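> build me a model from this:
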Amino acid sequence: MKQVGCWQLPNGMMLYYMAGGSTFNVSGVGFTNAGSINDPPGKVGLAHATEHMLARASRKYTLDEVDLMCWKYMGGPDDDVDIRTAHTNVYFGHGELYQRYKMNAVFDMMASFVHPKTRLITPVDFLSEKGAVHQETYLRGTDVIQEVLDDYLRKTLYARNPARNRIDCDVDHLRTMTTRDVRRFVDRYYVPKNGFIILFGPKPEAAKAMAMQYFGDWEEARTPIFDYDHSDDVPRVSGVLSKEIELPGSHQYHVGVAFPTETFSTENGEALDFLACILEMRLMTKLRDENSNMEAGVYRTPVYIERTKVHGMISASFATIDKDFAKRAEEVMVQEFRGLTADLVRPEEFDAIGFRLLDEYRNALRNDGAALSEMVIDAISNGDTYLQQFVATPERIKGVTRRKLRTVANKYFSSKNGYARVLIKPA
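This next block holds a predicted model:
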């Protein structure tokens, strides 16, 4: 099976490519330590606003040329464009393209957004992007109930952890941001030692030559210090941390619970992935399939794992129109978490999830360059710079046993472990 290789440029920037080359045509450039956790106090959303500012145009591509390129090769701003800010990184890239020349053309534009000789930061353009960020905060953030629920779970669970920062923005903070803030953020975090390049498709030597062509002249700079003491990475929670809010216009009761876990580089990561999938399957049965009341029940019961270098969290949620069912279903949800500490999971469940997790990893390496890039970006942005943990994923999955699942469940979900719960109810 082909694997992802890595190579460091003389200035410290990292290149990730497919060993031996591949049929993929996926590329991009990004920066670790430049995500929402790096937003300075009073400027929550600065990382996101900076990404918007830089991806608008450059000294090499006008706004009109950027728009035409996006539509011509990537189907518009929301199809194959992959420009986004996350907790621990920012990335300027694209999804799978069918021809190499398209990838090369798009990469040229993405590189121009961030290279110090071609990036463009102007007050007038920033005003326009601040308006876009403001509207996006509602459209894809605070007007989406699942996003609101997840946001409150983080803020309820963590006291000082920068994972509490909204990725999109704090609107009041956005109003005060200036191009001076953007330039300071870029000068501090958009540096070669934070930078990485994705070139999936070209053979290794061709990828290295391409990386040097675009970024070899970028002078080395000091790696910025991350101003966070990690004291709130894994909070000690006893009892239940609760938050309830009313939401005008909502027809349902939205309930979420979240247990803190260890951060990204834990040996228990794959076991937690198993447990999350098993929980989602079981909750689907308990809360949807076993319900026979049209006025109650649920549609989906998502279980999410968040693991970064500063926080870890497993959360489960559901929505229902029935107040009494919401209360009973929340009790069932917690019972299912706790229940994993007592009995071994069924062999059938264990085999199904193990097969699924292995298949996702192998399929990304063989058939899905876009999914693979997301996996790699997640790994390198959270400390796995040389992909040692990523490459070992199959062995780590195969190393999980039913007994280990019970052990890990006891570590995080036992009656001694507290959790956060959030209820969003109709006003």
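
> would you map out the domains in the chain?
Here the domain parsing of the chain from automatic domain parsing is 4-215, 240-426.

> possible to save those as CSV with distance to residue 234?
No exception for glycine: its C-beta is placed from N, CA and C like everyone else's. Converted to CSV, the domains of the chain look like this (distance: least, Cβ to Cβ, whole Å):
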stretch, distance to residue 234
domain 4-215, 9
domain 240-426, 6
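
> spatially central residue for this protein, please.
With distances taken as Cα atoms, centre = their mean, the chain has residue 86 as the residue nearest its mean C-alpha position (5.3 Å).

> on that earlier part again, the domains of the chain: which one's closest to residue 226?
Closest to residue 226 of these is domain 4-215 (Cβ to Cβ; 5.9 Å).

> quick check: the gap between residue 226 and residue 45.
18 Å (Cβ to Cβ, to the nearest Å).

> the two: who's more crowded?
When residue 226 and residue 45 are compared on other Cβ atoms under 10 Å, the one with more neighbours turns out to be residue 45, at 26 against 16.

> surely the more buried one touches residue 174?
Yes - with contact defined as Cβ atoms under 8 Å, residue 45 reaches residue 174; the gap is 5.4 Å.

> sec struct for residue 245, please.
Look at residue 245: counting by DSSP: H, G, I helix; E, B strand; the rest coil, its state is strand.

> OK, contacts around residue 68?
By Cβ atoms under 8 Å, 6 or more residues apart in numbering, residue 68 lies in contact with nothing.

> check the one 5 residues further on too.
By Cβ under 8 Å, 6+ apart, the contact list for residue 73 reads 80, 94, 97, 102, 105, 106.

> returning to what we had before: between residue 45 and residue 174, which contacts overlap?
With Cβ under 8 Å, 6+ apart, residue 45 and residue 174 have common neighbours 133, 137.

> can you give me the strands in the stretch 101-250 of the chain?
195-200, 240-247 (DSSP state E, counting those that start in this stretch).

> listing partners with orientation, what would you give for the following helix or strand past the longest one?
The first helix or strand that comes after strand 240-247 along the chain, using DSSP states H and E, is strand 253-260. Paired strands of strand 253-260, with direction, are strand 312-320 (antiparallel), strand 419-426 (antiparallel) (DSSP bridges).

> for the closest residue to residue 254 other than its chain neighbours, give the beta-bridge partners.
Distances taken as Cβ to Cβ, 6 or more residues apart in numbering place residue 424 nearest to residue 254, at 4.1 Å, with adjacent residues excluded. Note on residue 424: beta-bridge partners by DSSP bridges are residue 245, residue 254.

> how much space separates residue 424 from residue 322?
From residue 424 to residue 322 the distance is 15 Å (Cβ to Cβ).

> look at the two and report which has more neighbours.
residue 424 (22 against 18).

> for residue 14, see how far away the more buried one is.
Counting by Cβ to Cβ, the separation of residue 424 from residue 14 is 41 Å.

> ok, residue 231 next?
29 Å.

> comparing the two, which shows the higher neighbour count?
residue 14 (22 against 10).

> wait, is residue 29 part of a strand?
Yes - Residue 29: assigned to a strand according to three-state DSSP.

> quick one: it and residue 112 touch, right?
No - in this structure residue 29 lies outside contact range of residue 112 using Cβ under 8 Å: 10.0 Å.

> quick one: low-confidence parts of the stretch 1-150 of the chain?
For the stretch 1-150 of the chain, the stretches with pLDDT under 70 are 1.

> try it again with 90
Applying pLDDT under 90 to the stretch 1-150 of the chain flags the ranges 1-2, 20-21, 76-79.

> ok, the stretch 301-427 of the chain next?
Ranges of the stretch 301-427 of the chain meeting pLDDT under 90: 427.

> buried set for the longest helix anywhere in the chain?
Secondary structure of the chain per DSSP state H: the longest helix is helix 347-367. By 16 or more other Cβ atoms under 10 Å, the buried positions in helix 347-367 come out as 349, 350, 353, 354, 357, 361, 364, 365.

> again with stretch 211-220
The neighbour-count check on stretch 211-220 (16+ other Cβ under 10 Å) flags 211, 212, 214, 215, 218 as buried.

> which ones are touching the second one?
By Cβ under 8 Å, 6+ apart, the residues touching residue 212 are residue 9.

> output the contacting helices and strands for the helix or strand that the longest helix of the chain is followed by.
Downstream of helix 347-367, the next assigned helix or strand under DSSP H and E is helix 369-381. Packing partners of helix 369-381 (3 or more Cβ pairs under 8 Å, 6 or more residues apart in numbering; DSSP states H and E): strand 14-18, strand 26-32, strand 89-94, strand 195-200, helix 347-367, helix 388-391.
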